[in-house]
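Asker: Model the following, please.
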Amino acid sequence: MGEKTVTLYPGNWLYNASVIGFLLSIEKVEGLNNKYFLLKDEGSLEIDKELFLNLDVNKRYFSTNKIAAITAKVKLYKNYLQKKWEEPFPFFVKSLYFLEEKAS
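Answerer: Residues are numbered from 1 along each chain as shown. Okay, here's the model as predicted:
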């Protein structure tokens, strides 16, 4: 993909499950296909940063129909984002587009 991507590497089972849940929700919530990510042979995942500009943050995190479980079929977990975050949180998510890798 290139320098306009964020690379996620496999980790523990909980982290991996959250990544899979996020990928499944991209299609479920926004109706987007997999053009925004690439699963590589070694298990890493490259996400096109443009995806962050296309997420429907209000629907995803603040609507009554928000995805609240990994399976997206049952609502098991409470959304802990407080109502006061409803206005600024979309700006935070969209700002992820501007992430830059810094040399250590």
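Asker: Extract the C-alpha trace of the lowest-mean-pLDDT helix or strand in the chain and format it as CSV.
Answerer: Lowest mean confidence among the helices and strands of the chain (mean pLDDT, DSSP states H and E): helix 57-61, at a mean of 80. Taking Å, rounded to 0.1, in the frame of the first residue of the first chain, the C-alpha atoms of helix 57-61 are listed here in CSV:
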residue,chain,number,x,y,z
VAL,A,57,-18.2,8.0,13.9
ASN,A,58,-21.6,9.1,15.2
LYS,A,59,-23.4,6.0,13.9
ARG,A,60,-20.6,3.7,15.0
TYR,A,61,-20.2,5.0,18.5
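Asker: list the buried ones in that helix?
Answerer: 57, 60-61 (16 or more other Cβ atoms under 10 Å). C-beta coordinates here come from the backbone N, C-alpha and C atoms, glycine included.
Asker: right, and Lys40 touches Glu46 too?
Answerer: Yes. In this structure Lys40 lies within contact range of Glu46 using Cβ atoms under 8 Å: 6.7 Å.
Asker: of the two, who's got more company?
Answerer: Per other Cβ atoms under 10 Å, whichever of Lys40 and Glu46 has more neighbours is Glu46, with 16 against 11.
Asker: circling back to that earlier point, in TSV, list the buried residues of helix 57-61 along with distance to Glu100.
Answerer: Shown next, in TSV, are these (distance: Cβ to Cβ, whole Å):
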residue	distance to Glu100
Val57	21
Arg60	24
Tyr61	25
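Asker: I'd like to know which of these is nearest to Val29.
Answerer: Arg60 (5.0 Å; Cβ to Cβ).
Asker: Now Glu3. Nearest residue, chain neighbours left out?
Answerer: Glu101 (7.9 Å; Cβ to Cβ, 6 or more residues apart in numbering).
Asker: now that neighbour: how far from Phe37?
Answerer: Glu101 is 17 Å from Phe37, where distance means Cβ to Cβ, to the nearest Å.
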